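Chemist: generate coordinates for the sequence data below:
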Amino acid sequence: MIRPLRIAHRRIWPVLALGLPALVLAALAARKSVPVVGDVIPFRAPADRLLQRIEGSRADGAPLAVSLYRATDGALSVSFAGEALDGLPEVLAYWIPTDGVDPIEGGTLLGQARGDEPLGLPNRVVHTPGMLALYDLAHAEVVATLRLPASGAVP
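Modeler: Model (predicted):
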C-alpha cells in the first residue's frame, strides 16, 4: 500500500470505529414504537360467546367471514373463518379506530391472523367503531378491511 493510502486508512478507521456505533444507536432511538394489543390484553383471547358474524370480501373477491366474540371477563376477540385466509401465507390483523388511517402507521397490531384462533381486541373497541384491516406481509398490501361496530352496541 502506498504511503498516502496508509495515512488515509489510519485516519478513517478511528472515525468509523466511533461513528458507526453512534449512527446505529441514533437509528434505534429514532424508530417509532408499534402499538401492540398484547401489552393490554392476552394475545390469544378466549372466545366464549359469539356476538356477531360479519361477512365481507377480500380485495381479490374471495369471501371473508369474521366472528366477534366476548369472553366472560368482557374481553373482545375476533376470529376468521378457516377458508377466509386461504392462499395468504402470512396475514397480520390491525384494528384502526377511524377511516382514512394507514393501518400500518395508525393501527394497532392484533397479531398474525391464523384461521379460527381468536385475536384479542383493544378495550377501546367497546365504545369506538373502527375497521379491521388484514395486511398481507408477503405482498406488502392490505387484502381486506371490514367495519367493526362499537361492541357496546352489539348485544
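
Chemist: domain parsing for the protein?
Modeler: When the chain is parsed into structural domains using automatic domain parsing, the resulting residue ranges are 1-31, 37-153.

Chemist: tell me which helix or strand the residue nearest to Gln52 when sequence neighbours are not counted sits in.
Modeler: Spatial nearest neighbour of Gln52, chain neighbours left out: Leu68 (4.6 Å); criterion: CB to CB, 6 or more residues apart in numbering. Just so you know, the C-beta spots here come from the backbone N, C-alpha and C atoms, and that holds for glycine as well. Of the helices and strands defined by DSSP states H and E, Leu68 is found in strand 63-70.

Chemist: which secondary structure elements does that strand sit against?
Modeler: strand 49-57, strand 76-80, strand 141-148 (3 or more CB pairs under 8 Å, 6 or more residues apart in numbering; DSSP states H and E).

Chemist: Thr145 is in contact with Tyr135, correct?
Modeler: No: taking contact to mean CB atoms under 8 Å, the distance of 9.8 Å between Tyr135 and Thr145 leaves them out of contact.

Chemist: of those two, which one has the most company?
Modeler: Neighbour comparison, Tyr135 and Thr145: the larger count goes to Tyr135, with 22 against 18 (by other CB atoms under 10 Å).

Chemist: backbone dihedrals for the more buried one, both of them.
Modeler: Recorded main-chain torsions at Tyr135 are phi -110, psi 120, according to degrees, to the nearest 10.

Chemist: give the bridge partners for it, please.
Modeler: Tyr135 has these beta-bridge partners by DSSP bridges: Leu92, Val142.

Chemist: avg pLDDT for the strand holding Leu68?
Modeler: pLDDT averaged over strand 63-70 equals 79, rounded to a whole number.

Chemist: identify each buried residue in that strand, please.
Modeler: Residues of strand 63-70 classed as buried: 64-70 (neighbour count, 16 or more other CB atoms under 10 Å).
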